[in-house]
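What would the 3D arrangement of this be:
(one chain, ligands or ions: 1)
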Amino acid sequence: MSAKIIDGKAISEQVLAETQTGVAEFRKTHGTTPGLAFVRVGEDPASVVYVGAKARMCERLGIQSQTFILPETSSESQVLELVQTLNKQATVHGILVQAPLPGGLSQDRVFETIDPRKDVDGFHPLNVGKLAVGDRTGFVACTPAGIHQLLIRSGIEIAGRHVVVLGRSRIVGKPMCLILMEKGKLADATVTVCHSRSLNLVAMTHQADIVIAAMGVNNFVKANMVRDGAVVVDVGITRVPDPSAKNGYRLQGDVDYAEVSKKAAWITPVPGGVGPMTIAMLMANTLKAAQLQAASAASGH
Ligand code: GUN
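Numbering: from 1, shown residues only. Model (predicted):
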């Protein structure tokens, strides 16, 4: 059997088209444009690429974006000061501080300083808490929200299924579990979380109807770890040196695609699977932030 491909590029285009329509409606209704501020500290090459791609997507959708680049040597208080300034600007509806931050800066303190209403990454404890209690007025982290959309829009049944999430990160693993265990017909999964200290990993993944690989170890998930007919979502993106590639590297996932795609029913490719969805959900979250802020300004709160 050869797996069907979950086409993240095509599904992200659906989400982007819906968001673009919403942005145009927002502009017509409010006479302003949703605005997103990016903060990049230092020159981490992957962060340069990601922030650039996100900013270009804003431009395509009609979202106003600004990118603030601080030097690698910035102090934490300089970063926090910029975030606090952006918190106060009415034209900035969303703030994204690209991770990882240079050593010595507390990612937690930076994320917690972002106004939760502008936290389009969904990393602020208030938004994580809202997700945990099923309050949909908060922001959900873009990568797990994007994976949820990939499953729903591919017509993959989630309710009652056993999902094994590999990885417990703040950005993917933990919010992924919360989304999938939520009550409701678009979730209702049985969720198991495995991580670097889990014993009998293969026994766990073998029980999975859906495996979500998000531990950041390239080529980790092999064919002997998944059941025939499983759904396999690959969140990994490791840069592997490749002299024949245009940039001198290629991207490799956490799943051994060549092997696992022969056994799975559905699989996401890398690139072109989860990655495009992360950007699409960021755009959707920015529109949501602008809509919520406009509504609360109109009601005087
Ligand atoms: N670094 C890797 N992924 C992300 C993300 O989704 N948001 C931010 N802010 N940084 C990241």
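
all contacts plus neighbour counts: C-alpha atoms, from now on.
Will do.

Which strand or helix spans whichever residue of the stretch 201-301 of the chain sits closest to the ligand?
Nearest residue of the stretch 201-301 of the chain to the ligand (Cα to the nearest ligand atom) works out as Thr278 at 6.7 Å. Using DSSP states H and E, Thr278 maps to helix 274-298.

ok, and for that helix, which residues are buried?
The neighbour-count check on helix 274-298 (16 or more other Cα atoms under 10 Å) flags 274-294 as buried.

Kindly report the same for stretch 240-253.
Arg250, Gln252, Gly253.

From one end of that stretch to the other, what's the distance?
10 Å (Cα to Cα, to the nearest Å).

what comes into contact with it?
Gly216, Val217, Asn218, Asn219, Asp234, Val235, Gly236, Ile237, Thr238, Arg239, Val270, Pro271 (Cα atoms under 8 Å, 6 or more residues apart in numbering).

Count the neighbours of the second one for me.
Other residues lying near Val217 total 16 when counted by other Cα atoms under 10 Å.

just the fifth one next, same as before
Counted with other Cα under 10 Å, the neighbours of Asp234 add up to 30.

Give me the pLDDT value at it.
On the pLDDT scale, Asp234 is placed at 98.

Kindly report the same for the third one.
Note for Asn218: predicted pLDDT of 96.

ok, back up a step: let's have the contacts of stretch 240-253 in a markdown table, adding secondary structure and distance to the ligand.
Output for these, formatted as a markdown table (DSSP: H, G, I helix; E, B strand; the rest coil; distance: Cα to the nearest ligand atom, whole Å):
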| residue | secondary structure | distance to the ligand |
| --- | --- | --- |
| Gly216 | coil | 11 |
| Val217 | coil | 15 |
| Asn218 | coil | 16 |
| Asn219 | coil | 19 |
| Asp234 | strand | 14 |
| Val235 | coil | 11 |
| Gly236 | coil | 11 |
| Ile237 | coil | 10 |
| Thr238 | strand | 12 |
| Arg239 | strand | 13 |
| Val270 | coil | 15 |
| Pro271 | coil | 15 |
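
Out of these, which two are the most distant from each other?
Taking Cα to Cα, the two most distant members of the contacts of stretch 240-253 are Val217 and Pro271; they sit 15.5 Å apart.

ok, Leu82 - contacts?
Contacts of Leu82 (Cα under 8 Å, 6+ apart): none.

Offset the numbering so it begins at 507, please.
Got it, first residue is 507 now, which makes that one Leu588.

where's it relative to the ligand, distance?
15 Å (Cα to the nearest ligand atom, to the nearest Å).

Let me know the secondary structure of that residue.
helix (DSSP: H, G, I helix; E, B strand; the rest coil).

Val708 touches Met731, doesn't it?
Yes - between Val708 and Met731 there is a contact at 5.2 Å, judged by Cα atoms under 8 Å.

Have a look at the two and say which one is more surrounded.
A direct count of neighbours by other Cα under 10 Å for Val708 and Met731 places Met731 higher, at 18 against 13.

quick one: low-confidence parts of the chain?
807 (pLDDT under 70).

mind listing the strands for it?
Along the chain, the stretches classed as strands by DSSP state E are 510-511, 541-547, 570-576, 600-603, 668-672, 696-700, 716-719, 737-740, 744-747, 755-758, 772-773.

can you redo the ones you listed as a markdown table with distance to Phe532?
Listed next are the strands of the chain as a markdown table, based on distance: least, Cα to Cα, whole Å:
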| stretch | distance to Phe532 |
| --- | --- |
| strand 510-511 | 34 |
| strand 541-547 | 11 |
| strand 570-576 | 13 |
| strand 600-603 | 15 |
| strand 668-672 | 36 |
| strand 696-700 | 37 |
| strand 716-719 | 35 |
| strand 737-740 | 33 |
| strand 744-747 | 37 |
| strand 755-758 | 36 |
| strand 772-773 | 36 |
